[in-house]
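Visitor: Give me coordinates for this.
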Amino acid sequence: MEGKCHKRLRKEEDFSDMDNMSPAIHPVAEPPTVANPNVTKYKIPKETEFDHACEVVVALELEFKNIKFSVNPNLVGDLILSPQDNKTAKILSEVTNLNGRTVMIIPLDPEEKTTRMVLLRYLLELPVAVIVKHPKVAKAERCASSQDKAQTR
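Guide: Model prediction:
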């Protein structure tokens with residue numbers, strides 16, 4: 001039997017009669033969640049009545065069973081919610097209270113976009129605070145080499 005690379009299906013593994021299978025055991029793959037570009041994105045600020053913005057997401061999913069959105073953090077710690085359909089966008093725009101706590105879900109300004117970047121050839125003598133003073137910079141830190149942890153340019 002050397003060189004044989006496939007396994008023979010046993011009778012109970014035969015999926016040729018899938019149409020007659022019970023829906024409970026019918027293998028169905030969920031479609032991937034993809035953000036709808038035509039729907040407004042929303043932001044949950046990191047400062048919330050919940051301990052963390054992630055708890056707001058969990059509360060939303062428990063309260064509204066058919067809600068569909070993707071979640072991504074931004075550079076300052078807020079969570080960006082991208083609804084997959086108009087029904088979810090409507091729910092996100094109307095929710096103000098979850099589990100007896102006030103919730104802020106703010107429509108995301110299309111101009112509010114964060115980008116990570118590395119500044120090259122920035123002199124070691126110049127402090128990082130100079131970059132942070134710029135109004136469009138949310139956070140800045142100096143890179144360090146992995147061997148000796150020395151700061152890099």
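Visitor: buried set for stretch 48-65?
Guide: For stretch 48-65, burial by neighbour count (16 or more other Cβ atoms under 10 Å) applies to 48, 50, 53, 55-57, 59-60. No exception for glycine: its C-beta is placed from N, CA and C like everyone else's.
Visitor: now swap in stretch 84-95 and tell me
Guide: Here stretch 84-95 shows 84, 88-89, 91-92, 95 as buried, counting by 16+ other Cβ under 10 Å.
Visitor: right, and the helix or strand after the longest helix anywhere in the chain?
Guide: In the chain, taking DSSP state H as the definition, the longest helix is helix 53-63. Downstream of helix 53-63, the first helix or strand assigned by DSSP states H and E is strand 69-73.
Visitor: about what we covered before: between the buried residues of stretch 48-65, which sits nearest Glu125?
Guide: Ala53 (37.9 Å; Cβ to Cβ).
Visitor: now what about the lowest-mean-pLDDT helix or strand in the chain, what contacts it?
Guide: Within the chain, no helix or strand scores below helix 129-132, which has a mean of 85 by mean pLDDT, DSSP states H and E. Contact partners of helix 129-132, identified using Cβ atoms under 8 Å, 6 or more residues apart in numbering, comprise 119, 122, 137, 139-140.
Visitor: again, 10 Å this time
Guide: For helix 129-132, contacts defined as Cβ atoms under 10 Å, 6 or more residues apart in numbering pick out 119, 122, 137-142.
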